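Q: Model the structure of this input:
(chains A and B)
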Amino acid sequence: MSLSFDTVEVGDTLPPLALPPLTRTTLALFAGASGDHNPIHVDIDFARAAGMPDVFAHGMLSMAWLGRLLTNWAPQRNLREFNVRFSAMTQVGERIVCTGHVAGKLERDGERLIRVDVQTANEAGEVKLSGDALIALP
Amino acid sequence: MIDRSLVGRTFAPYSADVEAGRLRLFAKAVGETRPEYVDEDAARAAGHPALPAPPTFAVCASLDVPDPFAWLRDLGVDLASVLHAAQGFRYFAPIYAGDRLTFAAWIENAFHKKGGALMFIVRDTDVTNRQGVRVAQLRSTIVVRRG
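A: Numbers count the residues shown, from 1 in each chain, chains lettered A, B, ... in the order given. Okay, the predicted model is just below:
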């Protein structure tokens, strides 16, 4: 079923995206894939010297997961804006769930847009990233 | 020194290629398995001219320079004191494998919070493709902890 502006309602939820427990392998792959080679995400010796208990995930890895959440729901070509705030670190071993819901419907420059609020959180419900996206719908 | 005088400072534009292999590695790293993001034939069948770059990939391409954080060091910032506070994207046109992107960045805002203990730098980047089409605008908010 394809989405349309008229049938989408505020409060509608997106199908959640549940990730497997975060591994160091994923952090290594993402360091290479993302071009963010900051050792704090992959080198535990460096992280400890910087006062951290362990390496932790790149914020942009979590944002990429939220990108999957959004494009699972609506085609990427409909995405107009995507914004997040990074509020807590995502740690190795955590099971992150990405969720979203329709928070508003608006019209801008003659285009009908849905505002979707999104977040990532761990199993305890601690929010790691929160943000929103604007998606054009016919 | 980070203060209001930074606002409006511009950085020399630079370019980076969007490579299909890199897009596949990115897909693997983020757990993206849908065929249109990893297989050229599937991408074409879905109406794309080549593999599409996922929504956040432009930031990755923007890091494809020998020293992507040199601009912070040039401001006298210790990278160990820096956190990524927020990230935004505005999308104008798709980005595909084979594109060559040009990044033109400037400081959009700079301000203090908590009596100067936290300094925020908002850096915007216009992203254009080989045809000169603006495909996206990036907004990175960096927080520097002082002390």
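Q: Which helix runs longest in chain A?
A: helix A:59-73 (DSSP state H).
Q: Same check on chain B?
A: helix B:20-30.
Q: CA atoms of that helix as CSV?
A: In CSV, the C-alpha atoms belonging to helix B:20-30 read as follows (Å, rounded to 0.1, in the frame of the first residue of the first chain):
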residue,chain,number,x,y,z
ALA,B,20,29.6,2.2,-5.8
GLY,B,21,31.9,0.1,-3.7
ARG,B,22,31.8,2.6,-0.9
LEU,B,23,28.0,2.7,-1.0
ARG,B,24,27.9,-1.1,-0.7
LEU,B,25,30.3,-1.0,2.3
PHE,B,26,28.2,1.7,3.9
ALA,B,27,25.1,-0.4,3.4
LYS,B,28,26.8,-3.4,5.0
ALA,B,29,27.9,-1.3,8.0
VAL,B,30,24.4,0.1,8.7
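Q: So which elements touch it?
A: Here helix B:20-30 touches helix A:24-34, helix A:59-73, helix B:35-38, helix B:57-62, going by 3 or more C-beta pairs under 8 Å, 6 or more residues apart in numbering or on different chains; DSSP states H and E. Using the backbone N, CA and C atoms, a C-beta is placed for each residue, glycine as well.
Q: does any part of the third one sit near chain A?
A: No. With C-beta under 8 Å from any C-beta of the partner chain as the threshold, helix B:35-38 lies outside contact range of chain A, at a closest distance of 8.6 Å.
Q: Next, the residue lying farthest from the centre of chain B: secondary structure please.
A: Within chain B, the residue lying farthest from the chain centre (C-alpha atoms, centre = their mean) is B:Gly115, at 29.4 Å. At B:Gly115 the chain is in helix, as set by DSSP: H, G, I helix; E, B strand; the rest coil.
Q: what does the longest helix of chain B contact?
A: For helix B:20-30, the surrounding residues in contact (C-beta atoms under 8 Å, 6 or more residues apart in numbering or on different chains) are A:26, A:29-30, A:32-34, A:61, A:64-65, A:67-68, B:32-33, B:37-38, B:40, B:50-54, B:57, B:60, B:97-98.
Q: quick one: average confidence on it?
A: Averaging pLDDT along helix B:20-30 yields 98.
Q: ditto for stretch B:139-147
A: Rounded mean pLDDT across stretch B:139-147 is 89.
Q: Dump the lowest-mean-pLDDT helix or strand in chain A to PDB, keeping only the CA atoms.
A: Of all helical and strand segments in chain A, the minimum by mean pLDDT, DSSP states H and E falls on helix A:44-49, at a mean of 95. Extracted C-alpha coordinates of helix A:44-49, given in PDB (Å, rounded to 0.1, in the frame of the first residue of the first chain):
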ATOM      1  CA  ILE A  44      39.700   0.900  23.200                       C
ATOM      2  CA  ASP A  45      43.200   2.000  24.300                       C
ATOM      3  CA  PHE A  46      42.600   5.500  22.800                       C
ATOM      4  CA  ALA A  47      39.100   5.700  24.300                       C
ATOM      5  CA  ARG A  48      40.400   4.800  27.800                       C
ATOM      6  CA  ALA A  49      43.200   7.300  27.500                       C
END
